[in-house]
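Enquirer: what's the 3D shape of this:
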Amino acid sequence: MPKETIRAWILEIDAKEKIPENIVALSFNLYEPYGLELVGSKRYCKDDEDWACEEDFVPERRDCPGFELPSVLGWEDVLDRVAHILKELSCELPDTQIFKVKHIALGFVDGCLVSIK
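Expert: Okay, here's the model as predicted:
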């Protein structure tokens, strides 16, 4: 189940790593055939999606292990499903380092960012 896989990954990062204080934004990046990775940036600009390409913080386990969604799903559906999961997890895990970062977005590595927080 993708939600439990993402939850376990977030909790692993929270337990093993320290997100630097100067990281103001995190980007959960989707890539085809539907993998998920995480990077952090020292800057954020809602009008400039390129901030999400900056890699000022990269967790040791950058890619979410075991993240699987059927490759037959359209990218819009994948984006919606993962955004929903991350919004739920932000409410369920508010004390994790990840969800304490001020700005969190989700998108494909070539754009289409959705704000999670």
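
Enquirer: so, low pLDDT: which residues of this structure?
Expert: Applying pLDDT under 70 to the chain flags residues 110-111.

Enquirer: isn't there a helix covering residue 11?
Expert: Yes: under DSSP: H, G, I helix; E, B strand; the rest coil, residue 11 sits within a helix.

Enquirer: burial count for it?
Expert: Residue neighbour count, defined by other C-beta atoms under 10 Å, stands at 14 for residue 11. Any C-beta I mention is one placed from the backbone N, CA and C, and that applies to glycine too.

Enquirer: residues contacting it?
Expert: The contact partners of residue 11, by C-beta atoms under 8 Å, 6 or more residues apart in numbering, come to 93, 96.

Enquirer: how near is it to residue 78?
Expert: Here residue 11 is placed at a distance of 22 Å from residue 78 (C-beta to C-beta, to the nearest Å).

Enquirer: also residue 45?
Expert: Look at residue 45 and residue 78: by C-beta to C-beta, they are 25 Å apart.

Enquirer: got it, and residue 117?
Expert: Taking C-beta to C-beta, one finds residue 117 at 20 Å from residue 78.

Enquirer: more neighbours, those two?
Expert: Set side by side, residue 117 and residue 78 show more neighbours around residue 78, with 20 against 15, by other C-beta under 10 Å.

Enquirer: now the helix or strand in which the more buried one is found, how far from the centre of its chain.
Expert: For residue 78, the element it lies in under DSSP states H and E is helix 75-92. Between the centre of helix 75-92 and the centre of its chain there are 10 Å (C-alpha atoms, centre = their mean, to the nearest Å).

Enquirer: export the helix or strand where residue 26 lies as PDB, just CAs?
Expert: Using DSSP H and E, residue 26 falls within strand 25-31. Extracted as PDB, the C-alpha positions of strand 25-31 are listed here (Å, rounded to 0.1, in the frame of the first residue of the first chain):
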ATOM      1  CA  ALA A  25      11.200  23.800   1.300                       C
ATOM      2  CA  LEU A  26      11.000  20.200   0.500                       C
ATOM      3  CA  SER A  27      10.000  18.700  -2.800                       C
ATOM      4  CA  PHE A  28       8.600  15.200  -3.200                       C
ATOM      5  CA  ASN A  29       9.500  14.500  -6.800                       C
ATOM      6  CA  LEU A  30       7.700  11.900  -8.900                       C
ATOM      7  CA  TYR A  31       9.300  10.300 -11.900                       C
END
